[in-house]
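Peer 1: Compute the structure for the input listed below.
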Amino acid sequence: LKLEFAEKKGWYLSHERAAVPELIQTMPRGGRFSSSTRELNSENFKLHQAEGEILRRNVEVLAELFTQLRAEALQLHAAAQ
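Peer 2: Residues are numbered from 1 along each chain as shown. Here you go, the predicted model:
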């Protein structure tokens with residue numbers, strides 16, 4: 001049994017047997033099986049929410065920077081004329 005991480009899936013358990021009653025969402029993955037638990041699903045959900053918040057904040061900061069740069073670029077252009 002191994003705890004693994006995949007960019008698309010998040011955290012999951014990798015194991016050799018198909019039937020492990022404590023695990024949910026068991027699917028074949030190569031020669032092994034991939035499963036999750038309620039706790040891992042919860043952590044993956046929190047991770048997904050945090051990623052979304054980070055992306056939202058990055059967009060806000062970049063938008064503000066572009067606004068400032070645009071204003072300065074107009075001033076520089078006017079000064080160059």
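Peer 1: Quick one: low-confidence residue ranges for this structure.
Peer 2: Counting by pLDDT under 70, the chain contains low-confidence ranges at 19-21.
Peer 1: The chain: strands as residue ranges?
Peer 2: 2-6, 10-15, 24-29, 32-36 (DSSP state E).
Peer 1: Report the inter-axis angle for the first one versus strand 10-15.
Peer 2: Angle of strand 2-6 versus strand 10-15, following axes from the mean of the first three to the mean of the last three C-alpha atoms, to 10 degrees, is 140 degrees.
Peer 1: which other helices and strands contact strand 2-6?
Peer 2: Strand 2-6 is packed against strand 10-15, with contacts defined by 3 or more C-beta pairs under 8 Å, 6 or more residues apart in numbering; DSSP states H and E. For glycine as for every other residue, the C-beta is placed from the backbone atoms N, C-alpha and C.
Peer 1: Off-centre distance for the strand it packs on?
Peer 2: Relative to the mean C-alpha coordinate of its chain, strand 10-15 is positioned 16 Å out (C-alpha atoms, centre = their mean, to the nearest Å).
Peer 1: Tell me which strands it pairs with, and in which orientation.
Peer 2: Strand pairing for strand 10-15, determined by DSSP bridges: strand 2-6 (antiparallel), strand 32-36 (antiparallel).
Peer 1: what does stretch 56-68 contact?
Peer 2: Residues outside stretch 56-68 that contact it (C-beta atoms under 8 Å, 6 or more residues apart in numbering): none.
Peer 1: Next: stretch 41-53.
Peer 2: The contact list for stretch 41-53 (C-beta under 8 Å, 6+ apart) reads 9-11, 24-25, 36.
Peer 1: Most neighbours among those residues, which one is it?
Peer 2: Comparing the contacts of stretch 41-53 by number of neighbours (other C-beta atoms under 10 Å), S36 comes first, having 20 neighbours.
Peer 1: Show the contacting residues for that one.
Peer 2: By C-beta under 8 Å, 6+ apart, the contact set of S36 is 11-13, 23-25, 44.
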